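> any chance you could fold what I've pasted below:
(one chain, ligands or ions: 3)
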Amino acid sequence: MTGPLRVALLGCGTVGSAVLRLISEQSEDLAARIGRRVEVVGVAVRRPDHHPDVPADLLTTDAEALVTRDDVDLVVEVIGGIEPARTLLLAAFEAGKSVVSANKALLAEDGVALHAAAAKAGVDLYYEAAVAGAIPLLRPLRESLAGDQLRKVVGIVNGTTNYILSRMAETGAGFTEALAEATELGYAEADPTADVDGFDAASKAAILASLAFHTPVSASDVYREGISAVTATDVSRAAEIGCVVKLLAICERVAGSPDGADGDSVAVRVHPAMIPTSHPLAGVNGAFNAVYVEAEAAGQLMFYGQGAGGEPTASAVLGDLVAVARNRLAGAAGPAVTSYAGLPARPIAETPTRYHVSLDVADKPGVLAAVAHEFAEHGVSIATVRQDGHGDAATLVLVSHSAPDAALSATVEALQEMPAVRGVTSVLRVEGLT
Ligand SMILES: NC(=O)C1=CN([C@@H]2O[C@H](COP(=O)(O)OP(=O)(O)OC[C@H]3O[C@@H](n4cnc5c(N)ncnc54)[C@H](O)[C@@H]3O)[C@@H](O)[C@H]2O)C=CC1
Ligand SMILES: N[C@@H](CC=O)C(=O)O
Ligand code: NA
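Residues are numbered from 1 along each chain as shown. Ligands and ions are numbered 1, 2, ... in the order given. Next up, the predicted model:
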């Protein structure tokens, strides 16, 4: 093969249009880096009349025909969603084409089958853009850290929710007000459900856990809570104990299996949590993303940068494009994604967590003892307790030690029923406290 590497681009929205522009603007450098020119030979779109900047002879509405064309060497999929993206990727593999995708929803739902199809065809499936946009993260996990044992991956992987929580902390705004601001600035989608309710972060967590622990993890294995219930009180209570509230994607290798068998399991969860301001993730503000990794030999690592937006995401897509192009010219596929460990998923109920609980109580003899009794009844140890105010307007703020999440949530339910407790005003999990 001596001619250019011919690329089919599927989708030309926020990311696709930036990919197309960067391929054109950087064509000389890409050719020098790859050793062959890159030429986009087709762009699949839904509405050709919506793309006046794309040469009309490149546009097609028949994505399926485009991916299997003989004059296509590589496919870039940036349409998103499950179908028709899945069918298009499988058709591309079957036709012997490597694929670069940014599609976290698809990879989190069906990553194992897609990797198997790519491996069977001897081609590549790369998707650096799917998690934390521009940040080089998946290839470091797949390649640079392939000789180490990862224990924990904790990330702020959704820019929209991080922007909202950052504004709540900076301005004291409530969730609704901060969401309106994020929408006005174009961070949140018209329908922000996937971001706000944690679906986007859960897909990313599944991908991270699969790569980190060499185990198939899908979005349905991920416990998920979004940020719509986070209140200004939660944010100010966090500040009082030297913490900030972040939506975290937490992937952990935990000793013991859910069925009581020996061996480790994998606990993957997305939820808002308080983290101390000294934690490496606490200073990640606005729409930025960051991922913190703990590995046995490497120790602690931190990856930081822009997790969204056309150009940052296109940067990751182009990095993958260069990698798969080089592999193709070398006549080889890149390193396979392994899932040999097959660790079982640990349900949230059995995952060790810590809670911060804030209660309105009457400051009367015996109330603190009764509250402490409920914690003890559920086998939960208290790490710290503080009382603010007195008389009828007292507040008790407790932070637990680590306990199974089910024991902690049962404790909170029991506290809500206690006559001495007027109200449970804030409940959030806590991460990273010593
Ligand atoms: N926008 C961002 O900041 C990031 C996006 N991603 C991922 O990148 C992918 C693309 O996202 P965006 O560009 O933001 O979405 P978008 O909605 O702006 O663009 C998607 C485009 O694909 C087109 N499309 C949909 N179905 C099609 C079909 N059957 N045939 C041809 N075209 C079709 C749509 O008309 C649209 O123009 C998604 O998987 C998304 O999750 C990943 C990281 C960041
Ligand atoms: N909606 C996502 C965009 C990238 O994945 C976010 O807000 O981070
Ligand atoms: Na990335």
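> next one: stretch 172-179 to chain centre, how far?
22 Å (C-alpha atoms, centre = their mean, to the nearest Å).
> list of residues touching that stretch?
Taking contacts as C-beta atoms under 8 Å, 6 or more residues apart in numbering, the residues outside stretch 172-179 that touch it are 163-165, 167-168, 171, 181, 188, 192, 196, 227-228, 230-232, 235-236. Heads up, the C-betas are built off the backbone N, CA and C, glycines and all.
> how about a cut-off of 6 Å?
164, 167-168, 230, 232 (C-beta atoms under 6 Å, 6 or more residues apart in numbering).
> please apply the same query to stretch 275-295.
132, 137, 148, 150-157, 159, 163, 166, 187, 242-244, 246, 300-304, 307, 431-433.
> which parts of that stretch are buried?
In terms of neighbour count (16 or more other C-beta atoms under 10 Å), stretch 275-295 has its buried residues at 275-276, 279-282, 284-285, 287-295.
> now do the same contact list for residue 168.
178, 235.
> if I've got this straight, it is in a helix?
Yes. Counting by DSSP: H, G, I helix; E, B strand; the rest coil, residue 168 is found in a helix.
> let me have the contacts of stretch 172-179 in TSV, adding distance to ligand 2 and pLDDT as columns.
Shown next, in TSV, are those (distance: C-beta to the nearest ligand atom, whole Å; pLDDT from 0 to 100):
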residue	distance to ligand 2	pLDDT
164	10	96
167	14	95
168	16	95
230	16	96
232	22	94
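> out of these, who's nearest residue 408?
residue 230 (17.7 Å; C-beta to C-beta).
> that closest one touches residue 272, doesn't it?
Yes. Taking contacts as C-beta atoms under 6 Å, residue 230 lies within contact range of residue 272: 5.1 Å.
> for my notes, confirm residue 308 occurs in a strand.
No. Under the criterion used here (three-state DSSP), residue 308 is coil, not part of a strand.
> so who does it touch?
Here residue 308 is in contact with 133, 159 (criterion: C-beta under 6 Å, 6+ apart).
> measure it to residue 203 for me?
Using C-beta to C-beta, to the nearest Å, residue 308 is found at 14 Å from residue 203.
> between these two, what contacts are shared?
With C-beta under 6 Å, 6+ apart, residue 308 and residue 203 have no common neighbours.
> list the contacts for residue 108?
203, 206-207, 219 are the contacts of residue 108 under C-beta under 6 Å, 6+ apart.
> what is the most widely separated pair among those residues?
Among the contacts of residue 108, 207 and 219 lie farthest apart (C-beta to C-beta), at 9.0 Å.
> more crowded one of these two?
residue 207 (27 against 22; other C-beta atoms under 10 Å).
> what's the pLDDT at that one?
Here the pLDDT value assigned to residue 207 is 98.
> does ligand 2 have contacts with the helix or strand harbouring it?
Assigning secondary structure by DSSP states H and E places residue 207 in helix 199-213. Yes. For helix 199-213 and ligand 2, the contact criterion (C-beta under 6 Å from any ligand atom) is met by residue 200.
> related to what we said a few turns ago, which residues do residue 230 and residue 272 both contact?
residue 245.
> rounded mean pLDDT for the next helix-or-strand element following the helix holding residue 207, please.
Per DSSP H and E, the first helix or strand lying C-terminal to helix 199-213 is strand 223-224. Across strand 223-224, pLDDT averages out at 98.
> so what touches strand 223-224?
Here strand 223-224 has contacts from 198, 202, 269-270, 348, using C-beta under 6 Å, 6+ apart.
> among those, which one lies nearest to ligand 1?
Closest approach between these and ligand 1, by C-beta to the nearest ligand atom: residue 202, at 13.0 Å.
> and that closest one, what does it touch?
The contact partners of residue 202, by C-beta under 6 Å, 6+ apart, come to 219, 222, 224, 270.
> burial check on the last one, number of neighbours?
A count of nearby residues for residue 270, using other C-beta under 10 Å, gives 30.
> looking at this, it is in a helix?
No. Under the criterion used here (three-state DSSP), residue 270 is strand, not part of a helix.
> I'd like the numbering to begin with 553 instead of 1 from here.
Okay, using 553 as the starting number, the last item reads as residue 822.
> surely it touches residue 752?
No. In terms of C-beta under 6 Å, residue 822 does not count as a neighbour of residue 752; the distance is 9.1 Å.
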